[in-house]
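**Q** give the three-dimensional model of this entry:
(one chain, ligands or ions: 1)
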Amino acid sequence: MAPTLEPTLEPTAGALESPSPTRPFSSGSAFEESPSSTSSHVEVPPCLLSPAFTPPSTPGSGTPKTSAAEAGVIPAHEEDLYPQPSLLDELPEVECQVRARIPMNTGGSEFFLYLYRNNIDNKEHLAIVFGDTIRSRSLDAPRPGETEMDRMTRGAYVGRLYPGRTTSRPDQQLSSAANHERPTSHVPLVRIHSECYTGETAWSARCDCGEQLDEAARLMAAEGHGAVVYLRQEGRGIGLAEKLKAYNLQDLGNDTVTANLLLRHPADARSYGLATAILLDLGLSTVRLLTNNPIKVAAVEGPKKEITVQERVPMIPLAWKGLKGGINGPEINEYLKTKISRMGHMMSAPQ
Ligand SMILES: Nc1nc2c(ncn2[C@@H]2O[C@H](COP(=O)(O)OP(=O)(O)OP(=O)(O)O)[C@@H](O)[C@H]2O)c(=O)[nH]1
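**A** A predicted model of the protein is given here:
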């Protein structure tokens with residue numbers, strides 16, 4: 001029978017090293033931010049350690065330390081208990097390649113999906129934008145030699161498309177309300193969401209990712225204004241293959257933090273510089289951030305406080321609020337409790 005490691009490791013986000021060298025559209029300076037690591041060591045039986053490491057391609061999630069003692073460290077001070085973001089000097093460069101209108105299958109509402117490229121990885125990071133007051137500067141900027149059809153095809157138009165439309169600019173045939181952005185006075189809701197194939201697509205009840213994405217969309221559609229920045233950093237940045245190994249380690253008795261550490265990954269290998277850059281491109285410099293994660297609040301604000309998080313809006317699981325339709329079960333409850341106790345998430349489990 002496979003041995004089980006007692007969950008004695010404390011949380012840490014290991015040092016993140018240099019970003020991916022891929023630079024799809026610019027040779028400008030790239031940077032990443034990394035959670036800091038701390039220094040005390042713990043003993044982990046060698047038989048429990050992964051012999052190999054699959055490098056994640058998430059920007060900033062560099063090769064982790066080679067020993068479990070380095071990967072899993074006990075913080076020396078109370079303030080080091082949870083992973084902390086460490087911000088580098090410059091934001092990545094982002095450019096919105098295309099946007100398109102998506103009517104929602106939940107009825108009534110629609111949003112615009114913005115697809116971004118950047119100068120630090122070759123992933124298709126996204127923004128899910130509700131309301132027509134939020135626009136991308138890089139998308140709307142004119143591009144050399146492009147026609148009006150080119151602009152409409154990449155989504156750089158004002159108002160709505162319809163069969164036979166010939167201009168990307170405000171259109172004579174549309175009513176003034178449909179042509180013009182309606183100013184809004186309230187600060188937009190924003191969610192920075194990390195990809196989770198299992199929770200968002202494959203019906204997993206191990207995590208609350210799908211419920212959080214649904215809830216964010218519901219709130220933004222109701223307000224008629226807001227944006228989800230959807231970062232392709234699956235499995236808290238370790239990738240899907242490694243996350244599935246972590247699930248097996250969780251079934252062997254470890255929590256979500258220890259499972260990552262046993263695989264020689266940081267507890268959280270994510271970074272948020274791309275999210276900050278995308279928010280700025282969308283003109284969202286003051287936001288209400290939907291999250292329970294203290295790291296996100298600090299990281300999204302950026303190295304020079306480019307973004308102001310005016311308010312943190314908690315995301316309490318529906319089941320914990322006594323509401324129907326949320327994820328429920330033993331795995332999700334353990335997962336959420338671990339996020340509170342070992343990752344500093346700002347919410348309280350029901351008694
Ligand atoms: N390694 C690992 N990743 C997981 C596990 N469960 C979910 N994830 C990943 O965790 C990430 C969830 O992140 P977010 O939805 O941004 O949430 P968060 O950091 O928990 O913070 P909130 O904003 O409060 O939701 C996704 O990338 C998931 O794929 C797990 O057990 N192990």
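**Q** pLDDT averaged over stretch 336-348 - what is it?
**A** The pLDDT scores in stretch 336-348 average 90.
**Q** now that stretch: how far from the chain's centre is it?
**A** Counting by Cα atoms, centre = their mean, to the nearest Å, stretch 336-348 is centred 18 Å from the centre of its parent chain.
**Q** in it, which residues are buried?
**A** Neighbour counts over stretch 336-348 (16 or more other Cβ atoms under 10 Å) mark 336, 338-339, 342-345 as buried. Placement of C-beta: from N, CA and C, glycine included.
**Q** just checking: which of those residues also lie near the ligand?
**A** 339, 345 (Cβ under 6 Å from any ligand atom).
**Q** count the residues that sit near Ser109.
**A** Neighbour count for Ser109, taken as other Cβ atoms under 10 Å: 16.
**Q** tell me which of the buried residues of stretch 336-348 is nearest to Met315?
**A** If you rank those by distance to Met315 using Cβ to Cβ, His345 comes first, at 9.5 Å.
**Q** wouldn't the closest one be in contact with Thr338 here?
**A** No. Counting by Cβ atoms under 8 Å, His345 does not reach Thr338; the two are 9.0 Å apart.
**Q** right, and the helix or strand after the strand or helix carrying Val98?
**A** Here Val98 sits within strand 94-103, counting by DSSP states H and E. Using DSSP H and E, the helix or strand that follows strand 94-103 in sequence is strand 110-118.
**Q** is any part of the following helix or strand past that next one close to the ligand?
**A** Moving toward the C-terminus from strand 110-118, the next helix or strand (DSSP H and E) is strand 125-130. No. On the criterion Cβ under 6 Å from any ligand atom, strand 125-130 is out of touch with the ligand, staying 12.8 Å away.
**Q** kindly report the residues of the chain close to the ligand.
**A** 193-196, 206-207, 209, 212, 233-236, 238, 243, 246, 256, 260, 291-293, 296, 315, 339, 345.
**Q** restricted to strands, list the residues you listed.
**A** Of the positions in the residues of the chain next to the ligand, 193-194 sit in strands, assigned by DSSP state E.
**Q** just the buried ones from the residues of the chain next to the ligand?
**A** 193-196, 206-207, 209, 212, 233-236, 238, 243, 246, 256, 260, 291-293, 296, 315, 339, 345.
**Q** in helices only, show me these.
**A** 209, 212, 243, 246, 256, 260, 296, 339 (DSSP state H).
**Q** farthest pair in those?
**A** Greatest spatial distance among those (Cβ to Cβ): Ala246 and Lys296, at 20.4 Å.
**Q** for the stretch 101-250 of the chain, what are the low-confidence residue spans?
**A** 174-185 (pLDDT under 70).
**Q** all strands of the stretch 151-300 of the chain, in order?
**A** For the stretch 151-300 of the chain, the strands defined by DSSP state E, counting those that start in this stretch cover 189-194, 226-231, 286-290.
**Q** to Pro266, which of the ones you listed lies closest?
**A** strand 189-194 (13.8 Å).
**Q** what's that closest one packed up against?
**A** Secondary-structure packing of strand 189-194 (3 or more Cβ pairs under 8 Å, 6 or more residues apart in numbering; DSSP states H and E): helix 209-223, strand 226-231, strand 286-290.
**Q** give me the distance between it and the centre of its chain.
**A** On Cα atoms, centre = their mean, the centre of strand 189-194 falls 6 Å from that of its chain.
**Q** now swap in stretch 186-204 and tell me
**A** That offset, for stretch 186-204, works out to 7 Å (Cα atoms, centre = their mean).
**Q** cool, and stretch 323-332?
**A** For stretch 323-332, the distance to the chain centre is 22 Å (Cα atoms, centre = their mean).
**Q** pLDDT averaged over that stretch - what is it?
**A** 86.
**Q** got the phi and psi for Arg312?
**A** phi -100, psi 120 (degrees, to the nearest 10).
**Q** number of residues surrounding it?
**A** 17.
**Q** what about Gln97, neighbour count?
**A** For Gln97, using other Cβ under 10 Å, the count is 17.
**Q** actually Pro92, not the one I typed
**A** The local packing count at Pro92 equals 29, with neighbours defined by other Cβ under 10 Å.
**Q** that one: which element?
**A** Counting by DSSP H and E, Pro92 is found in no helix or strand.
**Q** separation between it and Arg117?
**A** 10 Å (Cβ to Cβ, to the nearest Å).
**Q** Three-state assignment for Arg342, please.
**A** Here Arg342 is helix, with the state taken from DSSP: H, G, I helix; E, B strand; the rest coil.
**Q** from Leu231, how far out is it?
**A** 22 Å.
**Q** ok, Val257 next?
**A** Taken as Cβ to Cβ, the span from Val257 to Leu231 is 20 Å.
**Q** same question for Ala246.
**A** From Ala246 over to Leu231 (counting by Cβ to Cβ), the distance is 19 Å.
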